[in-house]
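Trainee: test case, fold it:
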Amino acid sequence: MQLLGDSHYITLTVSDNGAGFDVKDIKPGRGLKNMKERMEKLNGTLEITSSSQGSTIIAKVPREN
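Mentor: Down below sits the predicted model:
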């Protein structure tokens, strides 16, 4: 897990080395869809990547001026 910030954005990165999953087939109950919707409400982004070597989720929100 990594939390970084600069003058424009705050970025949270969470990674694991699990079995991975198909990011195109996000099913209800995983919470990932809700996370993406919440990020959009904050004018942020949520990037999800996954493979057989693990998954990474990057949440990025702009800092308020």
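
Trainee: can you pull the contacts of Leu4?
Mentor: 10-11, 13 (C-beta atoms under 8 Å, 6 or more residues apart in numbering). Using the backbone N, CA and C atoms, a C-beta is placed for each residue, glycine as well.

Trainee: just give me the closest of the residues you listed to Gly31.
Mentor: Checking the contacts of Leu4 against Gly31 with C-beta to C-beta, the nearest one is Thr13 at 17.1 Å.

Trainee: and the closest one, what element?
Mentor: Thr13 belongs to strand 9-15 when assigned by DSSP states H and E.

Trainee: can you list contacts of that strand?
Mentor: 1-5, 54-63.

Trainee: so which of those residues are in strands?
Mentor: Secondary structure from DSSP state E places 2-5, 54-62 of these in strands.

Trainee: just the buried residues of those.
Mentor: Neighbour-count burial (16 or more other C-beta atoms under 10 Å) applied to these gives 55, 57, 59-61.

Trainee: okay, these in a markdown table with pLDDT and distance to Arg38 next?
Mentor: Shown next, in a markdown table, are these (pLDDT from 0 to 100; distance: C-beta to C-beta, whole Å):
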| residue | pLDDT | distance to Arg38 |
| --- | --- | --- |
| Ser55 | 92 | 19 |
| Ile57 | 93 | 13 |
| Ala59 | 96 | 9 |
| Lys60 | 96 | 13 |
| Val61 | 96 | 10 |
